[in-house]
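In: A predicted structure for the sequence below; I have some questions about it.
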Amino acid sequence: MILFRYRAANQRGAVSSGTIEALDPASAREALRARGLLPLAVSSSKPFFSLEMPTLSGTGSARLPIADLTIFTRQMATLITSGVQIEAALGAIAAQSGARLSAFSRGLRQSILDGASLSAALRTNNAGFDRYYLTSVEAGERAGRLGAVLDRLADHIESRQRNRQTITLALIYPAILILVSVAVVVALLVFVLPDIVRVFASRGADLPRLTQIMIGVSDLLTRHAVLIISGFGALAIGLYALARRPSSRRAIDGVLWRLGLTQQMTLVQFTGTLATLTQSGVALADALGSATMTVANTVARERLTGVVQEVRDGAALSQALAQAKHFPPMMITMIASGEASGRLPEMLGRFADDQAEGLQAKVKTLVGLVEPLVLLGMGGMVMLLVLAILLPIVNLNSLVG
């Protein structure tokens, strides 16, 4: 049994909250109805510490794997675009999916039947959706273009999954190379280098500078391994805590916004959502506000919020973006052309598609650079160790001669 927190209304409309034990969210809602209550929100109440092992089936509160998220979003987009009602679409997905996705879809369907919107149900049955996903669904509901928004979200998630698979496959060989190189380095430091040093020292000669450095590194790693690991752990925890502070988060986002790759990813999300909303006939200012909320980077969101205000005051979108600065000239030019020709949604969509293709090319290029960089780095490390071992041997031969 799992403990759930709930908010429910009685027959008089009074709202109350509390906890209830049930097998899953659907069972909790049924139990509340049996008490004469109308469930408004049901969420799991997890203790700080529990000896109970997690189940594989899940109840909809665990993070969905990206493969399940991709399937869910694509199927929802297809069904809703075909005119299927949301609760019927969720029921169909639950009937033909695996245990985890089926349980998640049933929980969403029950929330919909209880009167919640899809975006509210996604937030209640949190499965690790990011701000971009949740805000896009909410904007699609307001605009009456939920199917189109889900279709674009599915494209975005599939693209992200392809990038992740490409990166994973490209990093397999460098990872194996790193493991083998580390094993060789450790073997040389532990088994070979001490014997060479012992023989060389017995001759009464001085060790080469490179060999002395390598021996110092070996002694440091051997004698103070626990201290070094603890230091790196404390540093990682400190950096994580620092990154969670709002001021630090803004500084990090400011640095990321100046990087071309991050800026391009942000603009693809923003212009793609804006194109979908404007194509549905949503007013530009309202569409801008909704699309801005999908941007995760705080610095970019602040600048786009200023753009939204300028547009509400009567400025053209291209003019407001030009005044905000830090936006690419190509984007401003295409938007200005769309405004002049009355084809702004089409130009926004074309810009988003062009940037997405360029982003794919950049990701492939960066992944392709990983392997030679790893080869150079590990090759250089092994070369230094080999030199640290060979130099004493060469000097020893000169002494014997």
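Out: Ah, there it is.
In: and H224, its phi and psi?
Out: Per-residue torsions, H224: phi -120, psi 30 (degrees, to the nearest 10).
In: again with A41
Out: The phi/psi pair for A41 (degrees, to the nearest 10) reads phi -160, psi 140.
In: that one: what's it in contact with?
Out: A41 is in contact with 6-7, 116, 124, counting by Cβ atoms under 8 Å, 6 or more residues apart in numbering. Every residue, glycine included, has its C-beta placed from N, CA and C.
In: swap in R350?
Out: M334.
In: mind jotting down where the strands sit in the stretch 1-150 of the chain?
Out: 2-9, 15-22, 38-44 (DSSP state E, counting those that start in this stretch).
In: note down every partner strand of the first one and its orientation.
Out: Put plainly, it is strand 2-9. Using DSSP bridges, the strands paired with strand 2-9 are strand 15-22 (antiparallel), strand 38-44 (antiparallel).
In: let's have those strands in TSV, adding distance to M293 and mean pLDDT.
Out: Formatted as TSV, these follow (distance: least, Cβ to Cβ, whole Å; pLDDT from 0 to 100):
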stretch	distance to M293	mean pLDDT
strand 15-22	28	77
strand 38-44	22	71
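In: figure out which of those strands is closest to P328.
Out: Closest to P328 of the strands paired with strand 2-9 is strand 38-44 (Cβ to Cβ; 41.7 Å).
In: picking up where we left off before, could I get the strands paired with strand 2-9 in TSV, plus columns for distance to I176?
Out: What follows is these, written out as TSV (distance: least, Cβ to Cβ, whole Å):
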stretch	distance to I176
strand 15-22	47
strand 38-44	40
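In: to R223, which of these lies closest?
Out: When the strands paired with strand 2-9 are compared by Cβ to Cβ, strand 38-44 sits nearest R223, at 47.4 Å.
In: most packed of the strands paired with strand 2-9?
Out: strand 38-44 (a mean of 20; mean count of other Cβ atoms under 10 Å).
In: contacts for stretch 173-187, please.
Out: 370-371, 374-375, 378, 381-382, 385.
In: low pLDDT regions in the stretch 51-200 of the chain?
Out: 51-63, 126-128, 131, 163, 196-200 (pLDDT under 70).
In: just the ones of the contacts of stretch 173-187 in helices?
Out: Judged by DSSP state H, these include 370-371, 374-375, 378, 381-382, 385 as members of helices.
In: which strands and helices sit next to the helix or strand harbouring A340?
Out: Assessed by DSSP states H and E, A340 sits inside helix 329-341. Contacts defined by 3 or more Cβ pairs under 8 Å, 6 or more residues apart in numbering; DSSP states H and E place helix 329-341 against helix 317-324, helix 344-400.
In: quick one: the last one to chain centroid distance?
Out: From the chain centre to the centre of helix 344-400 is a distance of 24 Å (Cα atoms, centre = their mean, to the nearest Å).
In: coming back round to it: can you list contacts of the helix holding A340?
Out: The contact list for helix 329-341 (Cβ under 8 Å, 6+ apart) reads 267, 271, 316-318, 321-322, 344-348, 350-351.
In: specify the angle between it and helix 317-324 in degrees.
Out: In terms of direction (axes from the mean of the first three to the mean of the last three Cα atoms, to 10 degrees), helix 329-341 departs from helix 317-324 by 150 degrees.
In: coming back round to it: relative to W257, which of the strands paired with strand 2-9 is closest?
Out: Shortest distance between W257 and the strands paired with strand 2-9, using Cβ to Cβ, is found for strand 38-44: 34.1 Å.
In: how about the CA coordinates for the closest one, as PDB?
Out: Extracted C-alpha coordinates of strand 38-44, given in PDB (Å, rounded to 0.1, in the frame of the first residue of the first chain):
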ATOM      1  CA  LEU A  38     -14.900  14.400  -5.400                       C
ATOM      2  CA  PRO A  39     -11.100  14.000  -5.900                       C
ATOM      3  CA  LEU A  40      -9.400  17.200  -7.000                       C
ATOM      4  CA  ALA A  41      -5.800  16.200  -6.800                       C
ATOM      5  CA  VAL A  42      -4.100  13.000  -5.700                       C
ATOM      6  CA  SER A  43      -0.300  12.600  -5.400                       C
ATOM      7  CA  SER A  44       2.000  10.200  -3.700                       C
END
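In: can you lay out the contacts of A41 as TSV showing neighbour count and distance to R29?
Out: Formatted as TSV, the contacts of A41 follow (neighbours: other Cβ atoms under 10 Å; distance: Cβ to Cβ, whole Å):
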residue	neighbour count	distance to R29
Y6	22	8
R7	17	12
A116	19	11
T124	20	11
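In: nearest to L193 among these?
Out: Nearest to L193 among the contacts of A41, counting by Cβ to Cβ, is T124 at 60.3 Å.
In: so the closest one makes contact with G115?
Out: No. Using Cβ atoms under 8 Å, T124 is not in contact with G115, being 11.8 Å away.
In: coming back round to it: and the contacts of A41, which two are the farthest apart?
Out: Y6 and A116 (13.3 Å).
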